[in-house]
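# make a model of this:
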Amino acid sequence: MLHPSKKYYTPNGDQDDLISIGTIGLIKGVSTFKPDKNVRLATYASRCIENEILMYFRAQRKLQGELSLSDSLDSDGENGSLSLIDVVRVDDNMLEELDLRDACAKVRRCVNACLSGREAHIIRLRYGLDDRAPLTQREIASLCGISRSYVSRIEKKALEKLRAEYEKS
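Predicted structure coming up:
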């Protein structure tokens, strides 16, 4: 029985498992052996052992692509091990991010739909809606050549329009 299991030695498998599987094959061989078939018990049992081991390998091949998230990837030797879930763990805030993305798209549509050109420009600069860093009222005033208080009034009026449009849609 040891010979067939040695024949199928695999570095990533455990030799003891193969011997156990071979033992199952031997038990099946002995229990199904029929002396009247003119075949020696050793030959028949050897085939049963081989078949059992081959069935095991086929089953393992089917499971080869499957991983458990708790499988250990690495160990630091002090009972600390790195598992697959530690590597692929993602904070479960996907729904919040989708809601935020939808809200941002809605705000951009409202900016384009209900604000004048100047109001939209100031809101985009002030809140960084064009993938730029937000600017202060003072920076916007300097950029547009108007006073900071005028930027504040335009911003306030634009935000009121946006709030009304946002709640309406």
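
# going by C-alpha atoms from here, please, whenever you check contacts or count neighbours.
Noted.

# enumerate every residue touching residue 114.
Residues near residue 114 by C-alpha atoms under 8 Å, 6 or more residues apart in numbering: 161-162, 165.

# and the longest helix for the protein?
helix 41-63 (DSSP state H).

# one step back: neighbour-wise, which one of the contacts of residue 114 leads?
Among these, residue 162 has the most neighbours (other C-alpha atoms under 10 Å), with 21 neighbours.

# from residue 104, how far out is residue 114?
As judged by C-alpha to C-alpha, to the nearest Å, residue 114 and residue 104 stand 15 Å apart.

# now do residue 40
Distance of residue 40 to residue 104, computed by C-alpha to C-alpha: 79 Å.

# picking that back up, can I get the longest helix of the chain as CSV, trimmed to CA atoms?
Output of helix 41-63 as CSV, limited to C-alpha atoms (Å, rounded to 0.1, in the frame of the first residue of the first chain):
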residue,chain,number,x,y,z
LEU,A,41,-5.6,-9.6,-4.3
ALA,A,42,-2.4,-7.5,-4.3
THR,A,43,-3.0,-6.4,-7.9
TYR,A,44,-6.7,-5.7,-7.3
ALA,A,45,-6.1,-3.8,-4.1
SER,A,46,-3.3,-1.8,-5.7
ARG,A,47,-5.7,-0.6,-8.4
CYS,A,48,-8.3,0.3,-5.8
ILE,A,49,-5.7,2.3,-3.8
GLU,A,50,-4.6,4.1,-7.0
ASN,A,51,-8.2,4.9,-7.9
GLU,A,52,-8.9,6.3,-4.5
ILE,A,53,-5.9,8.6,-4.6
LEU,A,54,-6.7,9.7,-8.1
MET,A,55,-10.3,10.6,-7.0
TYR,A,56,-8.8,12.6,-4.2
PHE,A,57,-6.6,14.6,-6.6
ARG,A,58,-9.5,15.2,-8.9
ALA,A,59,-11.6,16.5,-6.0
GLN,A,60,-8.6,18.7,-4.9
ARG,A,61,-8.3,20.1,-8.4
LYS,A,62,-11.9,21.2,-8.3
LEU,A,63,-11.3,23.0,-5.1
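
# pull out the buried residues from stretch 20-31.
Across stretch 20-31, burial judged by 16 or more other C-alpha atoms under 10 Å covers 21-23, 25-26, 29.

# of these, which is the nearest to residue 155?
Distances from residue 155 to those, taken as C-alpha to C-alpha, are shortest for residue 21 (76.8 Å).

# just checking, what packs against the host helix or strand of that closest one?
Assigning secondary structure by DSSP states H and E places residue 21 in helix 15-32. Judged by 3 or more C-alpha pairs under 8 Å, 6 or more residues apart in numbering; DSSP states H and E, helix 15-32 is in contact with helix 2-7, helix 41-63.
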